[in-house]
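K.L.:
3D model of this:
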Amino acid sequence: MTLEEEIRAIQEEMDKTQKNKATEHHMGRLKAKMARLKDELIKKAIASRGGGAEGYSVKKSGDATVTLVGFPSVGKSTLINKLTDAHSEVGSYDFTTLDVIPGIMEYKQARIQVLDLPGLVKGASSGRGRGREVISVIRGCDLIVLIIDVFNYQHMKVLEDELYDAGIRINQRPPDVTITKLVKGGITITSTVELSIDHETIKTVLGEYRMHNALVNIREDITADQLIDVVRGNRVYIPCITVVNKIDLVDKEHMKSFPKDALKISADMESGLDALRDEIYDSLGFINIYLKPQGEPADMDEPLIMRAGCTVGDVCDRLHKDFRRKFRYARVWGDSAKHAGQRVGVDHGLEDGDVLTVIIQK
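P.N.:
Take a look at the predicted model:
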């Protein structure tokens, strides 16, 4: 039986299995086996194309990277041309874009790299239509913009499924679970909350991946699917915006069928693009850090644009490749400091509006 046949057989069994507490253990085993087989299918597809050469060559630039993801001919090329300084060929036929087209969108002092990718198709996660190359670029981005044609909103589910099968979790955060492998002692499970998933299901999922000795610490209620994600360890968690394009071609009554949180635009007519720029900027979680040279006033006119959750070390990496190596200490003024001018190290977390002085070895 081929991998594809095994996956189909498991899916059929899952579909016909009634979901309740009595079948939770069985469903957990099926889900774990399904995930393992899908990972093997992806590895097989990569190997058949020459091993590790699975991605486009894309050099990151700017303060963050955004990818435009959608089926062929949904208007990605038109959109990137309107948002950035890029020029991506526009045509009314499928697969106009055959490579990754980068552009820079300058907005609110941030320089945001936007990537126009070849259209994603059903089966992309297992390699169809250069899908693995496209997926590899998406996995490395900071924000996904899913673009749906106004006449084909059903494509949304297909795109979400392809991203999910490729290990990309949109608008989610990693489960608060740690698994420590042990040499012996079996499976020990500790939790700080009441769990919906039972211990036997947890052990079954781990057993599917040949983990028979481990300490599992769970700090939030999780599903079997989330546990599988933790075990696999190759999932990425990326924020996502949904955009419905070509709204100029339909009436207001047609638009009522779309969710309220989806942005409605017409890239061709440049309608709704300001709202999209705002949404992209806000979703990336930018903060302003003001640099203060030692003994001089801070530069309050041109902040350094960083991402929420950044540290002093991240700022050092942005300023110069040698700053982290030569770092002595830093001083911080602002919300992240206990007092004005607090002396901190590279691991100190920064907040929006902080003023920072970095002292390095001469």
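
K.L.:
Excluding sequence neighbours, find me the nearest residue to D198.
P.N.:
E24 (6.4 Å; CB to CB, 6 or more residues apart in numbering). Bear in mind the C-beta positions are built from the backbone N, C-alpha and C, glycine included.

K.L.:
Please identify the buried residues of the strand or helix carrying the one you found?
P.N.:
Per DSSP states H and E, E24 falls inside helix 24-48. Using 16 or more other CB atoms under 10 Å as the burial criterion, the residues of helix 24-48 that qualify are 24-25, 27-38, 41-42, 45-46.

K.L.:
cool, stretch 160-174 as well?
P.N.:
E162, L163, D165, A166, G167, I168, R169, I170.

K.L.:
And stretch 349-361, how far out from the chain middle?
P.N.:
27 Å (CA atoms, centre = their mean, to the nearest Å).

K.L.:
buried set for that stretch?
P.N.:
L350, E351, D354, V355, L356, T357, V358, I360.

K.L.:
Closest one of those to C310?
P.N.:
Here the nearest of these to C310, counting by CB to CB, is L350; it sits at 5.5 Å.

K.L.:
gap between that closest one and D142?
P.N.:
Noted for L350: a distance of 18 Å to D142, by CB to CB, to the nearest Å.

K.L.:
what do you get for E162?
P.N.:
Computed as CB to CB, the E162 to D142 distance reads 20 Å.

K.L.:
same question, L273
P.N.:
In this view, L273 and D142 are 20 Å apart by CB to CB.

K.L.:
just the strands in the stretch 101-250 of the chain please.
P.N.:
Read by DSSP state E, counting those that start in this stretch, the stretch 101-250 of the chain holds these strands, from start to end of the chain: 101-107, 110-116, 143-149, 168-170, 177-181, 187-191, 214-218, 236-238, 240-245.

K.L.:
partners of the fourth one in the sheet?
P.N.:
For strand 168-170, sheet partners with direction are given as strand 236-238 (parallel), following DSSP bridges.

K.L.:
Let me know the average pLDDT across the partner strand.
P.N.:
Confidence over strand 236-238 (mean pLDDT, whole number) is 95.

K.L.:
again, but for stretch 35-54
P.N.:
The average pLDDT for stretch 35-54 rounds to 64.

K.L.:
sorry, back to before: following the helix holding E24, which helix or strand comes up?
P.N.:
Following the chain from helix 24-48 toward its C-terminal end, the next helix or strand by DSSP H and E is strand 64-70.

K.L.:
name the helices or strands packed onto that following strand?
P.N.:
Applying 3 or more CB pairs under 8 Å, 6 or more residues apart in numbering; DSSP states H and E, one finds that strand 64-70 makes contact with helix 76-83, strand 110-116, helix 131-139, strand 143-149, helix 155-165.
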